[in-house]
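Q: next one to model:
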Amino acid sequence: MNANTKPVIFDGHNDLLTRLWLSSAADPVHDFIYGTLPGHLDLQRCQEANWMGGLFSIFLPPYAYVKNNHPDKLANPSHSDFTPQEIVDICCEQLKLAQQLEARSDGQIQICTSLEQIQACQQNKQLAIVLHLEGAEFLAIQPDLLDVFYEAGLRSIGPLWNRKSLFGDGLNASFPHSPDTGSGLTAQGKDLILKCSEKHMLIDVSHMNERAFWDTIEIACQPIVATHSNSHALCQQARNLTDQQLAAIKQSDGLVGVNFDVAFLRADGQRNTQTSLDVIVDHLDYLIDHLGEDHVGFGSDFDGCLLPDELSDISQISMLIERMQQRHFSDQLIEKVTSKKLVYGA
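A: Below you'll find the model as predicted:
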């Protein structure tokens, strides 16, 4: 790989759709496609970086965050939590934003529901959106929406987030902490896993506590993916993965996408942007040692994380690639990590 060659990047996780929903811009979809958008991603920067897409999360952000930073998004900011209708509406609005990105892009963006479509996007220099659900709270309110969202293109689900829900306890603990933070999946959570598995959807364990993780391993007879998680041995955040969890993911022929958020990278767990890119490479190295090079990718969490200063947005991704080269990652291995295993399974 020479200095002018950029590897294709297919990313395991980003929060662009939530950022578009939170945006105060008059037309954030237009700004993403044709202009510049504050944050980590817009189409021009993605194209220049050879970032061809990935899993785009539909996500219900914490109520306190929305209330404190975007109160205009709430029907009544004096409330203490979202209403059930707000939860459904927020997720539906993010789905509509994804559909608008595709419809208004003049063919530059496509919602993909198969590997063949993703591969075609790569060949045609299009941005590939694979819809992912991060936390399934709205399905506890309207279960029939799983079929509706599936028909609209949803192909990946993380049933739990940090909050307790009908489906399980979620994952929320102070640093340092083991992933053992509560009960596992509820009966409804196990039913949801089985329904999604029957639809051949990707099952994401990134926000599961340890008991929910093992419940999922037991009932989902398919490769298990942690779309944006790191090594617990290197950073003892509760939602990073232990060596035993990594072994189970490898056994399932699954994959882990490395999260670029500094708090999930640093040994001290601090939200300190003065964090070397070597720490990301350390996690990549560790995961490759434990999983094998066919089971590790990027899961950046762009637009939903605090990045190292050297990696301020997608336009600086080449800095990480260079650091991987300096750490003796071969061109073949870099291609596997950035896209080849995710897109081609090779």
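
Q: just want to check the distance between residue 77 and residue 234.
A: Distance of residue 77 to residue 234, given as C-beta to C-beta, to the nearest Å: 40 Å. Every C-beta, even on glycine, is put in place using the N, C-alpha and C of the backbone.

Q: these two - which one has more neighbours?
A: residue 234 (18 against 13; other C-beta atoms under 10 Å).

Q: shouldn't the more buried one be in contact with residue 267?
A: Yes. Judged on C-beta atoms under 8 Å, residue 234 makes contact with residue 267 at a distance of 6.4 Å.

Q: pretty sure residue 57 sits in a strand.
A: Yes. With the criterion set as DSSP: H, G, I helix; E, B strand; the rest coil, the secondary structure at residue 57 is a strand.

Q: all strands of the stretch 1-150 of the chain, in order?
A: When secondary structure is read from DSSP state E, counting those that start in this stretch, the stretch 1-150 of the chain shows strands at 9-14, 51-59, 109-111, 127-134.

Q: got TSV for these, with mean neighbour count, mean pLDDT and distance to residue 182 too?
A: Converted to TSV, the strands of the stretch 1-150 of the chain look like this (neighbours: other C-beta atoms under 10 Å; pLDDT from 0 to 100; distance: least, C-beta to C-beta, whole Å):
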stretch	mean neighbour count	mean pLDDT	distance to residue 182
strand 9-14	27	97	23
strand 51-59	26	98	21
strand 109-111	21	98	35
strand 127-134	25	98	19
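
Q: just put those in JSON lines and tack on distance to residue 228.
A: JSON lines is the format used below for the strands of the stretch 1-150 of the chain (distance: least, C-beta to C-beta, whole Å):
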{"stretch": "strand 9-14", "distance to residue 228": "4"}
{"stretch": "strand 51-59", "distance to residue 228": "9"}
{"stretch": "strand 109-111", "distance to residue 228": "20"}
{"stretch": "strand 127-134", "distance to residue 228": "9"}
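
Q: how about low-confidence regions in the stretch 201-346 of the chain?
A: When residues are selected by pLDDT under 70, those of the stretch 201-346 of the chain lie in 340-346.

Q: which residue ranges form the helices in it?
A: 210-219, 243-251, 277-291, 317-326, 331-335, 341-344 (DSSP state H, counting those that start in this stretch).

Q: turn these into CSV, including distance to residue 260 and mean neighbour count.
A: Formatted as CSV, the entries for the helices of the stretch 201-346 of the chain read as follows, by distance: least, C-beta to C-beta, whole Å; neighbours: other C-beta atoms under 10 Å:
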stretch, distance to residue 260, mean neighbour count
helix 210-219, 22, 20
helix 243-251, 19, 18
helix 277-291, 6, 20
helix 317-326, 8, 18
helix 331-335, 16, 15
helix 341-344, 16, 20
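
Q: using JSON lines, lay out those together with distance to residue 34.
A: Written out in JSON lines, the entries for the helices of the stretch 201-346 of the chain read as follows (distance: least, C-beta to C-beta, whole Å):
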{"stretch": "helix 210-219", "distance to residue 34": "41"}
{"stretch": "helix 243-251", "distance to residue 34": "39"}
{"stretch": "helix 277-291", "distance to residue 34": "31"}
{"stretch": "helix 317-326", "distance to residue 34": "22"}
{"stretch": "helix 331-335", "distance to residue 34": "30"}
{"stretch": "helix 341-344", "distance to residue 34": "26"}
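
Q: who wins for proximity to residue 84 among the ones you listed?
A: Taking C-beta to C-beta as the criterion, helix 210-219 is the member of the helices of the stretch 201-346 of the chain that comes nearest to residue 84, at 23.1 Å.

Q: residue 216 versus residue 225, what's the distance?
A: 11 Å.

Q: what touches both of the two?
A: With contacts taken as C-beta atoms under 8 Å, 6 or more residues apart in numbering, the residues that reach both residue 225 and residue 216 are 203, 205.

Q: of all the strands of the stretch 1-150 of the chain, which one is nearest residue 41?
A: Proximity to residue 41, assessed across the strands of the stretch 1-150 of the chain by C-beta to C-beta, is greatest for strand 9-14 (6.5 Å).

Q: excluding its own residues, what touches that closest one? List them.
A: Residues from elsewhere that reach strand 9-14 (C-beta under 8 Å, 6+ apart): 40-41, 49-57, 118, 122, 128, 132, 134, 206, 225, 227-228, 255, 257, 259, 297-304, 317, 338-339, 342-343.

Q: list the contacts of residue 170.
A: Shown in contact with residue 170 (C-beta under 8 Å, 6+ apart): 135, 160, 161, 162, 163, 164, 182, 207, 209.

Q: let's see 10 Å
A: Shown in contact with residue 170 (C-beta atoms under 10 Å, 6 or more residues apart in numbering): 135, 137, 159-164, 181-182, 207-209, 212, 239.

Q: just the buried residues out of the residues you listed, in ChimeraX syntax.
A: A single ChimeraX command selects the buried members of these (16 or more other C-beta atoms under 10 Å):
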select :135,137,159,160,161,162,163,164,181,207,208,209,212,239
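
Q: which one of the contacts of residue 170 is nearest to residue 194?
A: Scanning these for proximity to residue 194, where the rule is C-beta to C-beta, the winner is residue 159, at 11.0 Å.

Q: if we can go back for a sec, can you pull the residues that touch both of residue 234 and residue 267?
A: Between them, residue 234 and residue 267 share the neighbouring residues 279, 282, with contact defined by C-beta under 10 Å, 6+ apart.
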